[in-house]
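Colleague: just a sequence and a predicted model for now, questions to come.
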Amino acid sequence: MAKLRLKMTTAKEIRRAMNRVSNLALNGEIEAKQANAIIYAANTCLNSIRTDEQEKRIDELEKIINDQVN
């Protein structure tokens, strides 16, 4: 089997990657163990993206609050 490359830098790319991996597993092109490992990594990436987005929002809110106080 050729090397599988999946983009996982945005939530949209992760969603596509998970769909692709699920289809590969359903079609017997990769083993369930491999699919589980990839999906676990994808979930880890997705959680990191969500955390980064939340931190960005908090920083923006803190800036707005500080601007209003001053």
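Modeller: Structure received. Being a predicted model, the structure only gives us computed values, none of them experimental.
Colleague: list the helices and strands whichever strand or helix holds S48 packs on?
Modeller: S48 belongs to helix 32-69 when assigned by DSSP states H and E. With contacts defined as 3 or more C-beta pairs under 8 Å, 6 or more residues apart in numbering; DSSP states H and E, the packing partners of helix 32-69 are helix 11-26. Glycine gets a C-beta too; all of them are placed from N, C-alpha and C.
Colleague: got the angle for the helix it packs on vs helix 32-69?
Modeller: 170 degrees (axes from the mean of the first three to the mean of the last three C-alpha atoms, to 10 degrees).
Colleague: flag every buried residue along helix 11-26.
Modeller: Neighbour-count burial for helix 11-26 flags E13, I14, A17, M18, V21, L24, A25 (criterion: 16 or more other C-beta atoms under 10 Å).
Colleague: next, count neighbours for R50.
Modeller: 11 (other C-beta atoms under 10 Å).
Colleague: from A32, how far off is it?
Modeller: 26 Å (C-beta to C-beta, to the nearest Å).
Colleague: re earlier: turn the buried residues of helix 11-26 into TSV, including distance to N66 and pLDDT.
Modeller: Shown next, in TSV, are these (distance: C-beta to C-beta, whole Å; pLDDT from 0 to 100):
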residue	distance to N66	pLDDT
E13	34	94
I14	33	94
A17	38	94
M18	39	94
V21	43	95
L24	49	94
A25	49	96
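Colleague: out of the residues you listed, flag the one nearest to I65.
Modeller: Using C-beta to C-beta, I14 comes nearest to I65 of the buried residues of helix 11-26, at 31.8 Å.
Colleague: pLDDT weak spots in this protein?
Modeller: For the chain, the stretches flagged by pLDDT under 70 are 1-2.
Colleague: please repeat the previous calculation with a cut-off of 50.
Modeller: Residues of the chain meeting the criterion pLDDT under 50: none.
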